[in-house]
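In: Sequence and predicted model, in that order:
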Amino acid sequence: MLGFSAPQRGRRVSIRARAKINLGLEVVGRRADGYHELRSLLWAIDLADRVILEATAEGITVECDAPGVPSSPDNLAWRAADLVRREAHVRAGVRIRIVKAIPVAAGLGGGSADAAAVLVGLGHLWGVRLSRARLQALATTLGMDVPFFLGRGPAVASGRGERLKAVPAACAVSLVVVNPGFPLATREVYARLQPGDFSSGAQVRALVEAVQDGVAALAARVFNGLEGVVAGLWPGLADVKAALGEAGCLAAVMSGSGPTVIGIARSRTAAARIRDALAGRRWRTWATHTVAGPALSVWRGAPQLATTGRV
């Protein structure tokens, strides 16, 4: 079974598409196909876009309330709809509306989450059934983060990021999410990697073992092998990590290819206090927590999203 809530068909489907974080990320090396071999611990968090699908007679249209998000085939959600339509031989169309809460190009997988939401949601809207294996294959063609959003987390990603292994989680982890307010292109970050940035994967393995040992043990193991590259593009990375530590976080680590930074807090109360302490800064800040289980929730209609403590 795919990791989403009970299916409901109709002419309008709404999907809550949660962001992901990388609490650990190592680049093991460069592959012969030009991609990089990764090891990463991925976890969904309680910060989500809303993707609303409405049936139309023909065509694919995309609307988004965030500036700069394309409405053309450059949008992953548009491409996901096109893939499903071709795969299932559907002649109907769809209007895709994306209400953004996840920052764009931030290392939180917002575009990938939206694409996964379209892959799953169109099955309900159009009444088509694709096997899990086929959906995973379609997701991989869209991007290496997309398959994670079709399942349940947390999970260890390997290969280019598309091979996933579930990790048992004893409890939720309270977080402070800090985004500096500008995008950072994943392609540019990976293009700057040098062999000295590669590692063995041992740090992610140690992090996974610490998941069951409590928040302090987890915080001691967070790691992102891309931070050195991103620091060369954005010197302010060190300032954000330092500010989170000074405000009371146990540790801070960049998520994905950045620039968002994740602070590990002792509790939800502590996360809210740290968020408030950073309110005077120029960054966007949320107090939130990890979510064990599906990254997507599918509904008929458009339910209200839970608040995530954004400043």
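Out: Looks like it came in fine. Residues are numbered from 1 along each chain as shown.
In: Any idea what R152 is bridged to?
Out: Per DSSP bridges, the residues bridged to R152 are P294.
In: I figured it was touching G293, is that so?
Out: Yes - with contact defined as C-beta atoms under 8 Å, R152 and G293 form a contacting pair (5.4 Å). The way it works is simple: take the backbone N, C-alpha and C, and place the C-beta from them, glycine included.
In: When those two are compared, which one has more neighbours?
Out: Comparing R152 with G293 by other C-beta atoms under 10 Å, the one with more neighbours is R152, at 20 against 15.
In: mind listing the strands for the chain?
Out: Ranges of strands within the chain are 12-30, 36-56, 60-64, 93-99, 152-153, 155-159, 163-166, 174-179, 223-224, 251-254, 261-264, 284-291, 293-294, 296-300, based on DSSP state E.
In: Those: which one's closest to A231?
Out: strand 251-254 (9.1 Å; C-beta to C-beta).
In: what does that closest one rub up against?
Out: With contact meaning C-beta atoms under 8 Å, 6 or more residues apart in numbering, strand 251-254 is reached by 22-24, 107, 219-220, 222-224, 226-227, 230, 237, 240-241, 244-245, 260-264.
In: And those, which of them are buried?
Out: With burial judged by 16 or more other C-beta atoms under 10 Å, the buried subset of those is 22-24, 107, 219, 222-224, 226-227, 230, 237, 240-241, 244, 260-264.
In: Let me know the pLDDT of the closest residue to V230 other than its chain neighbours.
Out: Excluding the flanking residues, the one nearest V230 by C-beta to C-beta, 6 or more residues apart in numbering is G258, at 4.4 Å. With respect to pLDDT, G258 scores 97.
In: got a list of what G258 touches?
Out: A106, G107, L184, V189, L226, E227, V230, W234, L237.
In: repeat that with 10 Å
Out: 22, 105-108, 179-180, 183-184, 186, 189, 224, 226-227, 229-231, 233-234, 237, 240 (C-beta atoms under 10 Å, 6 or more residues apart in numbering).
In: Kindly list the main-chain dihedrals of it?
Out: G258 has phi and psi values of phi 80, psi -180 when expressed as degrees, to the nearest 10.
In: nearest to A137, of the strands of the chain?
Out: Using C-beta to C-beta, the nearest of those to A137 is strand 163-166, at 12.8 Å.
In: could you give me the average pLDDT of the closest one?
Out: 95.
In: Repeat that for stretch 73-90.
Out: The predicted model gives stretch 73-90 an average pLDDT of 96.
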